[in-house]
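Student: Let's see this in three dimensions:
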Amino acid sequence: MKLSSDITQHLAASGIRLTKQREQVLGVLLQKRDHPTAGELFLRVRRHVPSISLATIYNSLEALVDCGLVKQVHVDRAATRFCANLMNHSHFYCNHCGTVSDISVPRDSSWNLPPGFVVTQADVSLRGACPNCSKNSL
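Tutor: Coordinates of the predicted model:
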């Protein structure tokens, strides 16, 4: 998969070289926005690069997270998941099937913060049942 020149320039500006492995990892993350674990990514990338190792997946993910092209998603004590959606968003975790979905953050949401508090980042996670699971439980 060929990445856009914006992504390539972002990597270069961060001092990170775009290797074939990093390109494949990011490409797979961008193809399907389902927040895979490193193990799941390993299986997907291996279809394109059979010789890739799990250590290379972890190293690629670390570099992509460090330069801000990929976010880590933590759900309780489960394995870390990875997200290539860099837009401002939250995550919805389905308690039944375990899927993690991107949820838009309302622009007009305001927090009732005490005076002097300044929010620079908000990580909001929602939990419940996804549409498929809630439909099946009726």
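Student: Count the residues that sit near the closest residue to residue 8 other than its chain neighbours.
Tutor: Excluding the flanking residues, the one nearest residue 8 by CB to CB, 6 or more residues apart in numbering is residue 18, at 5.6 Å. Backbone N, C-alpha and C define where each C-beta goes, glycine included. The local packing of residue 18 (other CB atoms under 10 Å) involves 16 other residues.
Student: sec struct for residue 91, please.
Tutor: Three-state call for residue 91 (DSSP: H, G, I helix; E, B strand; the rest coil): strand.
Student: who are the neighbours in contact with it?
Tutor: 35, 73, 75, 83, 100-103, 124-126 (CB atoms under 8 Å, 6 or more residues apart in numbering).
Student: Most neighbours of all those residues, which one?
Tutor: Within those, residue 35 tops the neighbour count with 23 neighbours, counted by other CB under 10 Å.
Student: okay, the contacts of residue 91 in CSV with secondary structure and distance to residue 64 next?
Tutor: What follows is those, written out as CSV (DSSP: H, G, I helix; E, B strand; the rest coil; distance: CB to CB, whole Å):
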residue, secondary structure, distance to residue 64
35, coil, 14
73, strand, 14
75, coil, 19
83, strand, 11
100, strand, 18
101, strand, 21
102, strand, 17
103, strand, 22
124, coil, 23
125, strand, 21
126, strand, 25
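Student: Kindly reformat those as CSV containing pLDDT and distance to residue 24.
Tutor: Shown next, in CSV, are the contacts of residue 91 (pLDDT from 0 to 100; distance: CB to CB, whole Å):
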residue, pLDDT, distance to residue 24
35, 94, 18
73, 91, 20
75, 83, 25
83, 93, 17
100, 92, 22
101, 92, 24
102, 91, 22
103, 90, 28
124, 82, 31
125, 86, 29
126, 90, 31
